[in-house]
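Student: here are the coordinates; sequence isn't available:
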């Protein structure tokens, strides 16, 4: 039976997906283009036809994470009914994305270990700036509509929520993914929102 030849776009997508899978398995230090090529089923020379340099491969991997993140954030904001609901949905969507793509914390917590650090840092910073911007927008809206009437400044609220998310992800990664990241993250986000003065509409008044 004749083997179906993948298009260049399909092969690039496969290489990116394999790289993400390997990152979560072997980490940054042990990941090589030779290992990626072997797992994809092509020669290393063939791999470099799609990504001429390792920097370009890393840039493509981070860009794919950025694409997925924007997709889930957009959906969270589109489906949220109120500003506080959208805050919770954005954070839950990010946790779900990380749970489904465990290479993300490997990348986040491997700062300084990449030869391609200069190439990927701008993308990483752009991703972080965008989620902060979305949370800031929704927090300001929550303060205006009275959902967080006694909370500190919107920027301070975001500075409390973002490290909470990152700390939970770090605990999850260090525990060998030993607990349900989304469930634990949701619990802590709701607790933090309560501490900021938010009251769940489902609670007794």
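Tutor: Perfect, I can see it now. Just so it is clear, the structure is predicted and the values come from calculations on it, not from any experiment.
Student: how about the contacts made by residue 143?
Tutor: By Cβ atoms under 8 Å, 6 or more residues apart in numbering, residue 143 lies in contact with 149, 151, 154. (Each C-beta comes from the backbone N, C-alpha and C, glycine too.)
Student: quick check: longest helix of the protein.
Tutor: The residue-count maximum for a helix in the chain (DSSP state H) belongs to helix 117-144.
Student: neighbours around residue 90, how many?
Tutor: Using other Cβ atoms under 10 Å, residue 90 has 25 other residues around it.
Student: residue 78 too?
Tutor: Number of residues near residue 78 (other Cβ under 10 Å) recorded here: 9.
Student: same question, residue 186
Tutor: 17.
Student: returning to what we had before: if we go by neighbour counts, what in the longest helix of the chain is buried?
Tutor: 119-120, 123-124, 127, 131, 134-143 (16 or more other Cβ atoms under 10 Å).
Student: which secondary structure elements does the next helix or strand after it contact?
Tutor: Sequence-wise, the next helix or strand downstream of helix 117-144 (DSSP states H and E) is helix 154-174. Helix 154-174 makes packing contacts with helix 83-100, helix 103-108, helix 117-144, helix 181-195 when contacts are defined by 3 or more Cβ pairs under 8 Å, 6 or more residues apart in numbering; DSSP states H and E.
Student: helix 154-174: how far from the chain's middle?
Tutor: 12 Å (Cα atoms, centre = their mean, to the nearest Å).
Student: that helix versus helix 181-195: what angle between them?
Tutor: 150 degrees (axes from the mean of the first three to the mean of the last three Cα atoms, to 10 degrees).
Student: low pLDDT regions in the protein?
Tutor: 1-5, 111-116, 200-205 (pLDDT under 70).
Student: domain parsing for it?
Tutor: For the chain, automatic domain parsing gives the domain ranges 1-52, 55-195.
Student: so which of these is the most packed in?
Tutor: Among those, judged by mean count of other Cβ atoms under 10 Å, the one packed with the most neighbours on average is domain 55-195 (a mean of 17).
Student: can you get me the start-to-end distance on that domain?
Tutor: Using Cα to Cα, to the nearest Å, the span of domain 55-195 from its first residue to its last is 43 Å.
Student: ok, residue 68 - contacts?
Tutor: 97, 101.
Student: and it, how close does it get to residue 86?
Tutor: 19 Å (Cβ to Cβ, to the nearest Å).
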